[in-house]
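[1] need a structure here:
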Amino acid sequence: MDINQYSVEDFICDESFQQYCLGTDPAAIAFWENWTSNNPHRSGTVQEAARIISVLNANQGNLQVQINHLKDSIDRFDLLKKALQHEGPKTVRERAPVVRSRLRYISGIAASLLLLALAGYFLFRPSGKKPAQTGKPVVVNTTPIRSGNEPRKTVVLPDGSVVTLRSNSTITLANDFNGATRELTLSGEAFFDVTHRETQPFIVHTDRLNIEVLGTIFNVSAYPGDAHTETSLFRGKVAVSVKDHPEQKVILTPNRKLIIANTMPGVKPANPGNNLQVVSMLPDPVNHKAKEIAWVRNRLKIEDESLGTIAGKLQQWYGIKLEFADEEVKTYRYSGTFESESVIKALEALQLSYPFNFHVEKEKIVIGK
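    As a prediction, this is how the structure comes out:
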């Protein structure tokens, strides 16, 4: 089958894709990283398949056995469907028992797939601890949100998007944020993990650029006084336009960044096209991660530590208060190494090993059973 036509199930059943998700084959990793970079429009399907493989591998025993069961069920369903479609003409009396028998079999397969789909919904959907789902928005007015001198400050917006501000950075939400559009203004640098909403664009305004997304992960550096403004894309797709020249629009794909030279206030460049360039992000030669977000990425190595201790580390790094609603949860212990660019993703990674719940209340995260 053409990879470009793959469904979530096709990706899951592809052995090379499994190896890519589990990081077990360098050739598979290189192939799929290149393919996903060239096919950003398939990112939603790829991410869903990768999440299912990840959780199956973590929580459901032998991954290959689980995938083989799924693949076998899909194959048998397809064979039965073809058999029914190509069956020769028969009388109603002759066909009825066969059709009923096959329908019962198909119903059984469908029921199994439905159970899998329902399990997938509850196991693999985003954890639902964000304000858009709890009804407790973090930001309810247009008061600027500032990080001050703190290295990082994390906030969860009313739509559930997570923003981590670097030091001396500010975001200001539009009066009607979370209406027809989700618009805000940034001064400084911020890392965005945007909640996907097909009909509600998320727009970031800086002094030089307008950055429009539907649901993605990206970083914007727009400090006043800096020589350049940069937009770096890690997942999804963004449309970046020059504020003074909206006809100049660039569609960024993952692992690319747009750089535009800044000018003196009130002075427009004679030829703005010469000040704008799109380049590939070069990984750090030591850790092979993008340098553009080294400031927000946190690598935690945990050796039999309590969740209470881990929460303290997350709070210090990401700049958001973590509280416990249940003392027992603080005693849960973890070991391992993980890396994440947002506190929400870090907590979701911990949930895979020892389940707990969390939700956002204003500018803090509450952890409980």
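[2] Low-confidence ranges, the stretch 1-150 of the chain, go.
    1, 54-142 (pLDDT under 70).
[3] again, 50 this time
    58-62, 87-141 (pLDDT under 50).
[4] repeat for the stretch 151-300 of the chain
    267, 270, 272-273.
[5] Name the helix or strand for the closest residue in space to Ser16 that isn't next to it in sequence, please.
    Sequence neighbours aside, Ala28 is the residue nearest to Ser16 in space, at 4.6 Å (criterion: Cβ to Cβ, 6 or more residues apart in numbering). Glycine gets a C-beta too; all of them are placed from N, C-alpha and C. Ala28 belongs to helix 26-38 when elements are defined using DSSP states H and E.
[6] ok, Gly23 - how many residues close by?
    If you count neighbours by other Cβ atoms under 10 Å, Gly23 ends up with 9.
[7] residues contacting it?
    Gly23 makes contact with Ile29, according to Cβ atoms under 8 Å, 6 or more residues apart in numbering.
[8] show me where the stretch 201-350 of the chain has strands.
    For the stretch 201-350 of the chain, the strands defined by DSSP state E, counting those that start in this stretch occupy 202-205, 209-213, 217-222, 228-235, 238-242, 245-252, 256-261, 276-280, 298-306, 321-324, 333-340.
[9] who does the first one touch, helix- and strand-wise?
    When you say that, I think you mean strand 202-205. strand 182-193, strand 209-213 (3 or more Cβ pairs under 8 Å, 6 or more residues apart in numbering; DSSP states H and E).
[10] what sits up against the helix holding Ala28?
    Ile3, Ser16, Phe17, Gln19, Tyr20, Gly23, Arg42, Ser43, Val46, Thr253, Pro254, Asn255.
[11] Most neighbours of all those residues, which one?
    Within those, Tyr20 tops the neighbour count with 25 neighbours, counted by other Cβ under 10 Å.
[12] From Asp2, how far out is that one?
    Remark: distance between Tyr20 and Asp2 (Cβ to Cβ, to the nearest Å) = 18 Å.
[13] Same question for Leu184.
    Remark: distance between Leu184 and Asp2 (Cβ to Cβ) = 40 Å.
[14] likewise Ser306?
    According to Cβ to Cβ, Ser306 stands 49 Å off from Asp2.
[15] more crowded one of those two?
    Ser306 (15 against 6).
[16] hang on, the more buried one packs against Tyr332?
    Yes. Applying Cβ atoms under 8 Å, one finds Ser306 in contact with Tyr332, separated by 6.8 Å.
[17] Need the overlap of contacts for those two.
    Contact with both Ser306 and Tyr332 is made by no residue, according to Cβ under 8 Å, 6+ apart.
[18] Distance check, Gly188 against Pro355.
    Using Cβ to Cβ, Gly188 is found at 36 Å from Pro355.
[19] of these two, who's got more company?
    For Gly188 versus Pro355, neighbours defined as other Cβ under 10 Å are more numerous around Gly188 (20 against 10).
[20] wait, what's in contact with the more buried one?
    Going by Cβ under 8 Å, 6+ apart, Gly188 touches Ser147, Leu165, Arg166, Ser167, Asn168, Ser169, Thr170, Ala222, Tyr223.
[21] My guess is the first one contacts Arg166. True?
    Think Ser147. Yes. The pair Ser147 and Arg166 qualifies as a contact (Cβ under 8 Å) at a distance of 6.6 Å.
[22] show me what contacts the closest residue to Gly236 other than its chain neighbours?
    Using Cβ to Cβ, 6+ apart and skipping the chain neighbours, the partner closest in space to Gly236 is Thr216 (2.6 Å). Thr216 is in contact with Phe192, Val194, Leu233, Phe234, Arg235, Gly236, Lys237, Val238, counting by Cβ under 8 Å, 6+ apart.
[23] Distance of the first one relative to Asp326?
    Right, Phe192. 31 Å.
[24] what's the answer for the last one, then?
    Noted for Val238: a distance of 40 Å to Asp326, by Cβ to Cβ.
[25] Between the two, which has more neighbouring residues?
    Taking other Cβ under 10 Å, Val238 and Asp326 do not tie; Val238 has more neighbours (28 against 13).
[26] For beta bridges, what are the partners of that one?
    Val238 has these beta-bridge partners by DSSP bridges: Val213, Leu252.
[27] go on, Thr229?
    For Thr229, the beta-bridge partners are Ile260 (DSSP bridges).
[28] my guess is it contacts Asn210, does it?
    No. Under the criterion of Cβ under 8 Å, Thr229 lies out of contact with Asn210, with a separation of 11.3 Å.
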